[in-house]
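Colleague: Based on what follows, work out the 3D shape:
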Amino acid sequence: MTFSPELTLLAQYIAGEFENSEQATREPAWYVNLRLWLRPVPLFAEDSFTLFAEQANFLQLDRPYRPRILRLRHSDTSQASLMVQYYMLKDPDRVRGAGQNPALLKTLTPEQMELLPGCTLAVTQQPLAENTYNFSTAPATDAPCCFTYQGETYQVFLGFEARHQEFRSYDKGIDPQTGRAIWGALLGPYIFTKREDFSAELAI
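Modeller: Just a heads-up that it's a prediction; the model follows:
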């Protein structure tokens, strides 16, 4: 399948290692200094770019958390529309740390992942200059993004913006009883700067 330049560029923008140290230094009461990895995975290559994501507190880089899979693809109804599908890992410990050790991802298979139907984002792109865009996302449906892990049900709000060398995360944990955000980007996005580029690992 031929990928559009926009889909390819989105994957290139977000494939990398990111950090929000400037933001955390400026507003330490509200933003933890985080390292974020978005590492290409050789899955669904026939119609998608797939990335493994996890993050860690800068002071505890050996204890990454929030492992997840992002599948970037064209919409089923329009080649011009982009979407991001989120998957959870059935056994996250199996690939924990893969942001820093990508060899762990070589054994990952689709059977080890579970699609989260309510956790799909629609992507819009705003041209900034020639071959340069700001990509932004919004939930594709009104259904809440929920998943169950170890018998507990969790609800999250997912969203991001991506441009050259910058990734803004709007992810928030939601209290399903009240609908209020309880962790994450409570006062605005986490603003990450790319420190290392992994786009050469994409199957283009």
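Colleague: Which of the helices and strands in the chain ranks last by mean pLDDT?
Modeller: strand 145-149 (a mean of 86; mean pLDDT, DSSP states H and E).
Colleague: Show me what it is packed against.
Modeller: strand 82-89, strand 113-129, strand 152-157 (3 or more CB pairs under 8 Å, 6 or more residues apart in numbering; DSSP states H and E). For glycine as for every other residue, the C-beta is placed from the backbone atoms N, C-alpha and C.
Colleague: Give me the angle between that strand and strand 113-129.
Modeller: With axes from the mean of the first three to the mean of the last three CA atoms, to 10 degrees defining the directions, strand 145-149 sits at 140 degrees from strand 113-129.
Colleague: tell me the angle of strand 145-149 relative to strand 152-157?
Modeller: Using the same axes, to 10 degrees: strand 145-149 against strand 152-157 is 150 degrees.
Colleague: roughly how far apart are the closest residue to Phe198 other than its chain neighbours and Asp197?
Modeller: Residue nearest to Phe198 in three dimensions, not counting chain neighbours: Ala15, with 4.2 Å by CB to CB, 6 or more residues apart in numbering. Distance, Ala15 to Asp197, using CB to CB, to the nearest Å: 7 Å.
Colleague: What of Tyr87?
Modeller: For Tyr87 relative to Asp197 (CB to CB), the value is 24 Å.
Colleague: which other helices and strands contact the longest helix anywhere in the chain?
Modeller: Scanning the chain for the helix with the most residues, using DSSP state H, yields helix 5-14. Helices and strands touching helix 5-14, by 3+ CB pairs under 8 Å, 6+ apart, are strand 48-57, strand 65-74, strand 82-89, strand 113-129, strand 132-139, strand 160-163.
Colleague: how far is the shortest one from where the chain is centred?
Modeller: The chain centre lies 10 Å from the centre of strand 160-163; the measure is CA atoms, centre = their mean, to the nearest Å.
Colleague: taking the mean pLDDT, what do you get for whatever helix or strand comes next after it?
Modeller: Next in sequence after strand 160-163, counting helices and strands by DSSP states H and E, comes strand 166-169. Per-residue pLDDT over strand 166-169 has a mean of 98.
Colleague: Then stretch 18-25?
Modeller: pLDDT averaged over stretch 18-25 gives 97.
Colleague: Any buried residues in it, and which?
Modeller: Phe18, Glu19, Asn20, Gln23, Ala24 (16 or more other CB atoms under 10 Å).
Colleague: Between these, which sits nearest Leu105?
Modeller: The shortest approach to Leu105 among the buried residues of stretch 18-25 belongs to Phe18, at 17.8 Å (CB to CB).
Colleague: the more surrounded of Ala15 and Asp197?
Modeller: Ala15 (22 against 13; other CB atoms under 10 Å).
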